[in-house]
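Visitor: Sequence below, structure please.
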Amino acid sequence: MRPTHTSRPSLRLTPGSPQSARRALIEETPVAMVFDGATQAVLMTSPSDLEDFALGFALSEGIITGPTDVREIEIVPHDAAAGGVEARIWLQQDRSVALTARRRSGLGPVGCGLCGIESLEAAMRPLPKVPFRALGLSADEVLTAPELLRKGQVLHAATRAAHAAGFYVPGHGMVCLREDVGRHNALDKLLGALLRQGIDPGRGAIVMTSRLSMELVQKTAIAGCGCLIGVSAPTAHALRLAESTGITLIGSARNGAADLFSHPDRLTLAVAQSA
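Guide: Take a look at the predicted model:
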């Protein structure tokens, strides 16, 4: 596994005299997603948890519906001169149609969730309705979840430059967490980790360190998770998608407050009445 961060010297500017310092900088590596021998996308990502990333990417892109659709995953680093990593995913035979339907191409910059998609129809693909499932999530848990997410961010603590996606289960806390330089990548890694660990996404809430964009709602819906929490606000289109797919969307969850925007029935009655 390649290092997730490196230390570099810097000159710290303050109101007084500049001082020599060292700063941990987050690494980013091009990762080629290669399905059955053909590259579907090249994404800039943090070089950790790449099997989770490959599996989560395949799920959120609609290439697979579950881990049994994958025969094998190989993580193949290139040499230092060439750089980059190949995530080679070998699919079961019956997934070839879904593979060709979700073609992506080109280099995806960090933080871009739609780069390389070839048509507006693909970007705005129909999403499944998320089945209703009461979570019993309380207001206190909603406000605590982002704090637990931040406390678990080892890479962000070292670099101050990493996003995180976590999975919070009421009564159990933050049961899974993944970090990456890109927020979409962090969520794909989380979804892959949940698949590999056999954790049902319908049991809890996805918690993000970023704003809640339409792509994050799309990935959440495809995964079958009914609740998405972010420390920043959602976009208007993200909220429309959450409303139409049945997702409980909670934004601006920080500093002891949060905004509940849609489908409050998954939360406890006290929270639903106050929304």
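
Visitor: where does the chain dip in pLDDT?
Guide: Within the chain, the segments meeting pLDDT under 70 span 1, 11, 13-14, 18, 80-83, 101-125, 269-275.

Visitor: Nearest residue to the middle of it?
Guide: Nearest to the mean C-alpha position of the chain, by C-alpha atoms, centre = their mean, lies residue 187 at 0.9 Å.

Visitor: quick one: contacts for that one?
Guide: Residues in contact with residue 187 (C-beta atoms under 8 Å, 6 or more residues apart in numbering) are 56, 60, 165, 206, 208, 216, 219, 220. (C-beta placed from N, C-alpha, C; glycine too.)

Visitor: wait, the fifth one sits on residue 168?
Guide: Think residue 208. No - the pair residue 208 / residue 168 is not scored as a contact, 11.0 Å apart, by C-beta atoms under 8 Å.

Visitor: so what sits against both of these two?
Guide: The contact lists of residue 208 and residue 168 share residue 229, where a contact means C-beta under 8 Å, 6+ apart.

Visitor: check contacts around the closest residue to residue 212 other than its chain neighbours.
Guide: Leaving out its chain neighbours, the residue that sits closest to residue 212 by C-beta to C-beta, 6 or more residues apart in numbering is residue 234, at 3.7 Å. Residue 234 makes contacts with 211, 212, 213, 217, 242, 249, 251, 261, as judged by C-beta under 8 Å, 6+ apart.

Visitor: among those residues, which are in helices?
Guide: Counting by DSSP state H, the part of the contacts of residue 234 found in helices is 217, 242.

Visitor: Show me just the buried residues among the contacts of residue 234.
Guide: 211, 212, 213, 217, 242, 249, 251, 261 (16 or more other C-beta atoms under 10 Å).

Visitor: picking up where we left off before, ok, so of the contacts of residue 234, who is nearest residue 41?
Guide: Using C-beta to C-beta, residue 213 is the member of these that lies nearest residue 41, at 18.1 Å.

Visitor: Hmm, residue 232 and the closest one touching each other?
Guide: No - contact status for residue 213 versus residue 232: not in contact, 9.7 Å apart, counting by C-beta under 8 Å.

Visitor: Quick check: the residue nearest to residue 212 vs residue 258, distance?
Guide: 12 Å (C-beta to C-beta, to the nearest Å).

Visitor: what is in contact with these two at once?
Guide: Common contact partners of residue 234 and residue 258 (C-beta under 8 Å, 6+ apart): residue 251.

Visitor: Stretch 171-184: how far from the chain's middle?
Guide: From the chain centre to the centre of stretch 171-184 is a distance of 8 Å (C-alpha atoms, centre = their mean, to the nearest Å).

Visitor: can you check stretch 126-136 too?
Guide: 18 Å.

Visitor: Just the buried residues of that stretch, please?
Guide: By neighbour count on 16+ other C-beta under 10 Å, the buried set for stretch 126-136 is 127, 130, 135.

Visitor: which residue sits closest to the last one in space, ignoring its chain neighbours?
Guide: When the adjacent residues along the chain are set aside, residue 135 lies closest to residue 266, with 4.8 Å between them (C-beta to C-beta, 6+ apart).

Visitor: quick one, what contacts the one you found?
Guide: By C-beta under 8 Å, 6+ apart, the neighbours of residue 266 are 132, 133, 134, 135, 137, 226, 227, 248.

Visitor: Restricting to C-alpha, output stretch 185-192 in PDB.
Guide: The C-alpha coordinates for stretch 185-192 follow below in PDB (Å, rounded to 0.1, in the frame of the first residue of the first chain):
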ATOM      1  CA  ASN A 185     -14.400   8.600  -3.400                       C
ATOM      2  CA  ALA A 186     -14.800   8.500   0.300                       C
ATOM      3  CA  LEU A 187     -18.400   7.500  -0.100                       C
ATOM      4  CA  ASP A 188     -17.600   4.900  -2.700                       C
ATOM      5  CA  LYS A 189     -15.000   3.400  -0.300                       C
ATOM      6  CA  LEU A 190     -17.500   3.400   2.500                       C
ATOM      7  CA  LEU A 191     -20.100   1.600   0.300                       C
ATOM      8  CA  GLY A 192     -17.500  -0.900  -0.700                       C
END
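
Visitor: Take the buried residues of stretch 126-136 and lay them out in a markdown table including distance to residue 77 and secondary structure.
Guide: As requested, the buried residues of stretch 126-136 are exported to a markdown table (distance: C-beta to C-beta, whole Å; DSSP: H, G, I helix; E, B strand; the rest coil):
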| residue | distance to residue 77 | secondary structure |
| --- | --- | --- |
| 127 | 35 | coil |
| 130 | 37 | coil |
| 135 | 40 | coil |
